[in-house]
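Novice: Sequence and predicted structure, then a few things I'm wondering about:
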Amino acid sequence: MNPPFGVQKHKADRLFLQKAFEFSGVVYSIHLANQKVHEFILGFIKDFHWRVDYYFPFKLKLEKSFEFHTQKTKEIDVNIYRFIKNY
């Protein structure tokens, strides 16, 4: 599982998915619930011969973990994806 920090601008999510695709035939991942992100993910995984088998929306509750965080908790809308490899 990875934190939903951004697959488009930040490279951590991309690297997470690329590495996960090397080890498994099924990968679960959490990403921000956003149409642009969803479309990017569909194109990105296609390049690696993977597809979205299933995804569902979820409200993720994040606890304050750094001094610069201004709220004690924050809920963000995410999608939880199940990717499977095309054989």
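Specialist: Perfect, I can see it now.

Novice: which residue lies farthest from the center of this structure?
Specialist: Here the chain reaches farthest from its C-alpha mean at Glu67, the gap being 24.9 Å by C-alpha atoms, centre = their mean.

Novice: did I read that right, it in a strand?
Specialist: No: counting by DSSP: H, G, I helix; E, B strand; the rest coil, Glu67 falls outside a strand, being coil.

Novice: Against Lys74, how distant is it?
Specialist: 15 Å (C-beta to C-beta, to the nearest Å). For every residue, glycine as well, the C-beta is placed using N, CA and C.

Novice: For beta bridges, what are the partners of Arg51?
Specialist: Beta bridges link Arg51 to Ile84, judged by DSSP bridges.

Novice: Quick check: it touching Phe44?
Specialist: No: the pair Arg51 / Phe44 is not scored as a contact, 11.5 Å apart, by C-beta atoms under 8 Å.

Novice: Pick out whichever of the two has more residues nearby.
Specialist: Using other C-beta atoms under 10 Å, the more surrounded residue of Arg51 and Phe44 is Phe44, with 16 against 13.

Novice: Can you pull the phi/psi pair for the more buried one?
Specialist: With angles defined as degrees, to the nearest 10, Phe44 sits at phi -60, psi -50.
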